[in-house]
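Visitor: Fold the following.
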Amino acid sequence: MTDPEPRLVFRGAAWKSGLRTLGGIFGIVVAVWILDGDYESYRYPKATREIVAIGCMAAFGWLAALSFLRLCLPPELVLTKEGFSVRGLRKTRLIPWEDIQSFELVERRGGGVAGYVLKPGARMRVRGLPRLMAGVDGTIAVSPEESPGYVVKILNDWRRRYAPPS
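Guide: Numbering: from 1, shown residues only. Here you go, the predicted structure:
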């Protein structure tokens, strides 16, 4: 009998997507309330209120739609013997362990996120934005229940275990 292939999956927190969806719906309701209000008692002209309300409806509608998609298709970080992949709204791409130089914790305003630095030979089609903003080649946009520091530690452990020695 063979051992099963090692595999670890981190799923995004569904409750966070649910809260964002509810926040987006609430924003849409407030924008409709502004549009439907009594125009005699407001301080700003009707045209200004309509522009603001329509802008709010567009922004909060976009937030609600994306959050609902993330609620239905939660993002996943999948670790296997070959490498790691992040399933999100776009296609999934496997990044082999031998292409990774290190995983780092990237600090942001809302907290931290796991980032990775590729080896110089593996930087083929990497967008420049993550490197300019955070000093890493990419970030892992899955927000599991575990802390980002713990996820970075697990990712580095898997990289050390399964990457071929250089």
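Visitor: By residue count, which helix of this structure is the longest?
Guide: The residue-count maximum for a helix in the chain (DSSP state H) belongs to helix 46-72.
Visitor: I'd guessed Ser67 sits against Ile25; true?
Guide: No - Ser67 is beyond contact range of Ile25, at 9.4 Å (criterion: Cβ atoms under 8 Å). (C-beta placed from N, C-alpha, C; glycine too.)
Visitor: Between these two, point out the one with more neighbours.
Guide: Ser67 (20 against 16; other Cβ atoms under 10 Å).
Visitor: mind listing what that one touches?
Guide: By Cβ atoms under 8 Å, 6 or more residues apart in numbering, Ser67 lies in contact with Ser17, Gly18, Arg20, Thr21, Gly23, Gly24.
Visitor: 10 Å instead?
Guide: Lys16, Ser17, Gly18, Leu19, Arg20, Thr21, Leu22, Gly23, Gly24, Ile25 (Cβ atoms under 10 Å, 6 or more residues apart in numbering).
Visitor: can you tell me which helix or strand the last one belongs to?
Guide: In this case it means Ile25. helix 14-35 (DSSP states H and E).
Visitor: what sits against Gly149?
Guide: Leu105, Gly112, Ala114.
Visitor: switch to 8 Å and redo it
Guide: Gly149 neighbours (Cβ under 8 Å, 6+ apart): Leu105, Gly112.
Visitor: What residues sit buried inside the strand or helix carrying it?
Guide: Element membership of Gly149, judged by DSSP H and E, is helix 148-162. For helix 148-162, the neighbour count (16 or more other Cβ atoms under 10 Å) marks Pro148, Val151, Val152, Ile154, Leu155, Asn156, Trp158, Arg159, Tyr162 as buried.
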